[in-house]
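# Provided below are the primary sequence and the corresponding predicted coordinates.
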Amino acid sequence: MEKILVGLKRVVDYNVRVRVRSDGSGVETDGVKMSINPFDEIALEEALRIKERGEAGEVIVISIGSSDVRQQLRTGLAMGADRAILVETDAQTDPLTSARILLEIIKREDPGLVLLGKQAIDNDHNQTGQMLAALWGRPQATFASELVLDGDQATVTREVDIGLESIEIDLPAVVTTDLRLNEPRYVKLPDIMKAKKKPLDQIPLADLDIEASAALNETAFAPPEERQKGIIVDDVAGLVAALQDKGLL
Amino acid sequence: MTRILLIAEHDGTSVNPSTAKCVTCASEIPDAEIHVAVLAKDGASLAGEVAGLTSVDKVIQVDNPANSYPVAAILAPQIVAIADGYSHIFGPSTTFGKDLMPRVAALLGVNQISDIMSVLGSHSFRRPIYAGNAIVTVEAPAGLPVVATVRIASYASAAGGGSASIEAASVDADIPGHTRFIELRSGKSDRPDLQTAAKVVSGGRALGSAENFDLIYKLADALGAGVGASRAAVDAGYVPNEMQVGQTGKIIAPELYIAIGISGAIQHLTGIKDAGTIVAINKDGEAPIFEIADIGLVGDLFKIVPELEAAVGAASGRE
């Protein structure tokens, strides 16, 4: 295929312990380390491997967000993507809007495959890929742990609750990645330098004709309920006694 | 009028427990009439099973040979075809529902509320974000269908004893041929199902090998427990993927959860926060798992677990 489109979302780094602002207006993101959503990194790695096998000509990374997101797109370029597209908006887009934006870019680029992370680790929505596939009228293969291309078809192994499911899909299609699809490569310093020369197109969201969605209104944020501090027992006898106390043995 | 359409999850022969949990969530919405759609190849007995759940008002049986295995691209247009007149369309937040419901939402032109953990009103819900480190209140817009998935660990199963009517629906929908089910590989197990077991024993990377994971299975069998694992143990190949507990694996709420050799990354902890009692066994007393454990035991799991298994056997033998 000619092109693979990969979505990258800028999120709070997965090692950061996120805290809710004391006024409940959201979570603290000021001064917090931001990274590519880990599932999206896996999506990009898969696209790069497909290209390196000679099964795709070009890998395009796309993101939606403020100009800050260029940082993550540059990282994607340093990993090996050929070019980047930033659909620029200061607003947080909801999954339906994100899917509509991606569809608009698909119409322009005509990729043979779209690879996205199965969920972003900030909102944990797990929606955008499925929505994109629906709007596009194309197959979706979510939670992929193996992807084998064969001409205008692909076989995808999906991680489902009861095991591993295999499906066959016609291309083009949307595939969303699970953790065990691959292990993303590390970026090397010379690649970071080279990435600076690769094209990064910025398209203002207003230039795309995107239908507005009725957004869900997030009205309050709260920390989760804390669990009570527990006890430490000295040995197995102590553990058994504690479990019997609670009626669990 | 609040009319809720639930999408039943099943494997063709029996209804997944997630369905009864969705019913409980839906029944918390005031003055709701609850209908459950069973999309199957031949759903008569499945529909009968669902009709027995209390609070269910009607079961809609949609039979189609294309529904012999749940493929989102095939089910979604059929659901949209019967969605007219419903204010809410809910599915479980299992891999079945996570795959399917956003496709339904997009076809209906609405956003989805993922992982409802509590109902505040007909259009107001709470859900976890950031791996459960924050809980957000979400208001859905009025006048549009509310499409959502239900975080099943947050709900008890609806009781039996109901007697809903069953209605066969013929659905006029374009069923695509672009997505074809090939096979399901499933580790057959006689142990209790991880997502609904009252007791769960999980092992982590510290087990060191697939062979050593036998320690976990033996303890689980002595307790009559389901078996789970941390991501590290799955990644290391000790156990299959369907055993992973955590943010991106299974979110569970057993009465008793025993974490063995699991350090407790936040992604894992988010999967067990609703457990009744959490027991941690780990050689590192500083491991984060001890921050949320109700009962902690610091020490060598290879010594402790066989001892515990013997003690559990003896304790249950006395009963």
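Perfect, thanks for sending it.

# From the structure, what's the count of residues near the residue nearest to residue B:315 when sequence neighbours are not counted?
In space, and not counting its chain neighbours, residue B:315 is closest to residue A:249: 5.0 Å by Cβ to Cβ, 6 or more residues apart in numbering or on different chains. Every residue, glycine included, has its C-beta placed from N, CA and C. Number of residues near residue A:249 (other Cβ atoms under 10 Å in any protein chain shown) recorded here: 18.

# can you tell me how far residue A:249 sits from residue B:34?
From residue A:249 over to residue B:34 the distance is 38 Å, taken as Cβ to Cβ, to the nearest Å.

# From residue B:235, how far out is the closest residue to chain A within the stretch 151-300 of chain B?
As assessed by Cβ to the nearest Cβ, chain A sits closest to residue B:186 within the stretch 151-300 of chain B, at 3.5 Å. Separation of residue B:186 from residue B:235 (Cβ to Cβ) stands at 20 Å.

# now swap in residue B:248 and tell me
On the measure of Cβ to Cβ, residue B:248 and residue B:235 end up 12 Å apart.

# Report the set of residues contacting both of the two.
Applying Cβ atoms under 8 Å, 6 or more residues apart in numbering or on different chains, one finds that residue B:248 and residue B:235 are jointly contacted by residue A:179.

# Compare the two (neighbour count), which wins?
Legend: neighbour count by other Cβ under 10 Å for residue B:248 and residue B:235, higher for residue B:248 (22 against 15).

# Check that one and give its pLDDT.
Note on residue B:248: pLDDT of 83.

# now do residue A:213
For residue A:213, pLDDT reads 88.

# tell me, how many neighbours does it end up with?
Counted by other Cβ under 10 Å, the residues lying close to residue A:213 total 20.

# In three-state terms, label it for me.
coil (DSSP: H, G, I helix; E, B strand; the rest coil).

# List the buried residues in the longest strand belonging to chain A.
Determined from DSSP state E, the single longest strand within chain A is strand A:140-150. Within strand A:140-150, the residues that count as buried by 16 or more other Cβ atoms under 10 Å in any protein chain shown are A:140, A:141, A:142, A:143, A:144, A:145, A:146, A:147, A:149.

# Averaged pLDDT, stretch A:229-249. What do you get?
94.

# buried ones in that stretch?
A:230, A:233, A:236, A:239, A:240, A:242, A:243, A:248, A:249.

# Next, check those residues against the strands and list the overlap.
Using DSSP E, the subset of the buried residues of stretch A:229-249 located in strands is residue A:233.

# Which residues does the longest strand of chain A contact?
Contacts of strand A:140-150 (Cβ under 8 Å, 6+ apart): A:1, A:46, A:50, A:55, A:113, A:118, A:129-130, A:132-134, A:154-160, A:164, A:167, A:169, A:171, A:173-181, B:72-73, B:95, B:98-99, B:103, B:179, B:241.

# Helices along the chain, start to end?
Just so you know, I chose chain A. A:38-52, A:70-79, A:95-109, A:128-136, A:189-195, A:236-245 (DSSP state H).

# Chain B, not that one
Per DSSP H, chain B has helices spanning B:17-27, B:44-51, B:72-82, B:95-108, B:214-223, B:231-235, B:266-269, B:289-292, B:301-318. These are given in chain order.

# Columns mean pLDDT on top of the ones you listed, output as a markdown table?
Putting these into a markdown table (pLDDT from 0 to 100) gives the following:
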| stretch | mean pLDDT |
| --- | --- |
| helix B:17-27 | 97 |
| helix B:44-51 | 98 |
| helix B:72-82 | 98 |
| helix B:95-108 | 98 |
| helix B:214-223 | 96 |
| helix B:231-235 | 96 |
| helix B:266-269 | 92 |
| helix B:289-292 | 94 |
| helix B:301-318 | 89 |
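
# Please name the residues that touch residue B:22.
By Cβ under 8 Å, 6+ apart, the contact list for residue B:22 reads B:6, B:90, B:91, B:92, B:150, B:152, B:155.

# The fourth one contacts residue B:21, correct?
Yes: counting by Cβ atoms under 8 Å, a contact exists between residue B:92 and residue B:21, whose distance comes to 6.8 Å.

# And these two? Which one has more around it.
Set residue B:92 next to residue B:21 and count neighbours by other Cβ under 10 Å: residue B:92 wins out with 29 against 25.

# Report the central residue of chain A.
For chain A, the residue sitting closest to the mean C-alpha position, by Cα atoms, centre = their mean, is residue A:117 at 3.2 Å.

# Pairing partners for that one in the sheet, please.
Beta bridges link residue A:117 to residue A:177, judged by DSSP bridges.

# Pull out the buried residues from stretch B:147-161.
Across stretch B:147-161, burial judged by 16+ other Cβ under 10 Å covers B:147, B:148, B:149, B:150, B:151, B:152, B:153, B:154, B:155, B:157, B:158.

# Please state the backbone phi and psi of the last one?
Backbone torsions of residue B:158, given as degrees, to the nearest 10, read phi -60, psi 140.

# if I pick residue B:277, what's in contact with it?
Counting by Cβ under 8 Å, 6+ apart, residue B:277 has contacts A:243, A:246, A:248, B:255, B:256, B:257, B:294, B:295.

# let me redo that: residue A:126
Listed by Cβ under 8 Å, 6+ apart, the contact set of residue A:126 reads A:118, A:119, B:98, B:102, B:114.

# can we see that at 7 Å?
Contacts for residue A:126 were tallied using Cβ atoms under 7 Å, 6 or more residues apart in numbering or on different chains; they are A:118, A:119, B:98, B:114.

# Quickly check those residues for the two that are furthest apart.
Spatially, the most separated pair among the contacts of residue A:126 is A:118 and B:114, at 12.0 Å (Cβ to Cβ).

# one step back: out of the buried residues of strand A:140-150, who's nearest chain B?
For the buried residues of strand A:140-150, the nearest to chain B is residue A:142 (4.9 Å; Cβ to the nearest Cβ).

# Just give the number of residues close to residue 100.
Chain wasn't specified; assuming chain A. 22.

# Chain B was what I was after
Neighbour number of residue B:100 under other Cβ under 10 Å is 28.

# again with the one 4 residues further on
The local packing count at residue B:104 equals 28, with neighbours defined by other Cβ under 10 Å.

# isn't it right up against residue B:88?
No: using Cβ atoms under 7 Å, residue B:104 is not in contact with residue B:88, being 11.8 Å away.

# residues touching residue 230, list them.
Looking at chain A here, since you left the chain open. By Cβ under 7 Å, 6+ apart, the neighbours of residue A:230 are B:293, B:294, B:295, B:296.

# that answer is for a different chain, and I need it for chain B
B:202, B:204, B:205, B:262, B:268.

# Any of these buried? List them.
Taking 16+ other Cβ under 10 Å as the criterion, what is buried in the contacts of residue B:230 is B:202, B:204, B:205, B:262, B:268.

# how about a markdown table for those residues, with distance to residue B:46 added?
A markdown table is the format used below for these (distance: Cβ to Cβ, whole Å):
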| residue | distance to residue B:46 |
| --- | --- |
| B:202 | 31 |
| B:204 | 37 |
| B:205 | 40 |
| B:262 | 37 |
| B:268 | 34 |
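
# Parallel or antiparallel, which strands does the longest strand of chain A pair with?
Strand A:140-150 pairs in its sheet with strand A:153-160 (antiparallel), strand A:173-177 (parallel), by DSSP bridges.

# residues in contact with residue 174?
No chain was given, so I picked chain A. Contacts of residue A:174 were listed using Cβ under 7 Å, 6+ apart, and they are A:114, A:116, A:129, A:132, A:133, A:138, A:140.

# um, chain B though
Residues in contact with residue B:174 (Cβ under 7 Å, 6+ apart) are residue B:77.

# what do you get for residue A:160?
Taking Cβ under 7 Å, 6+ apart, we find residue A:160 in contact with A:143, B:95.

# What of residue A:50?
A:4, A:56, A:149.

# Please verify my assumption that the second one contacts residue A:46.
Which is residue A:56. No: judged on Cβ under 7 Å, residue A:56 makes no contact with residue A:46 at a distance of 10.4 Å.
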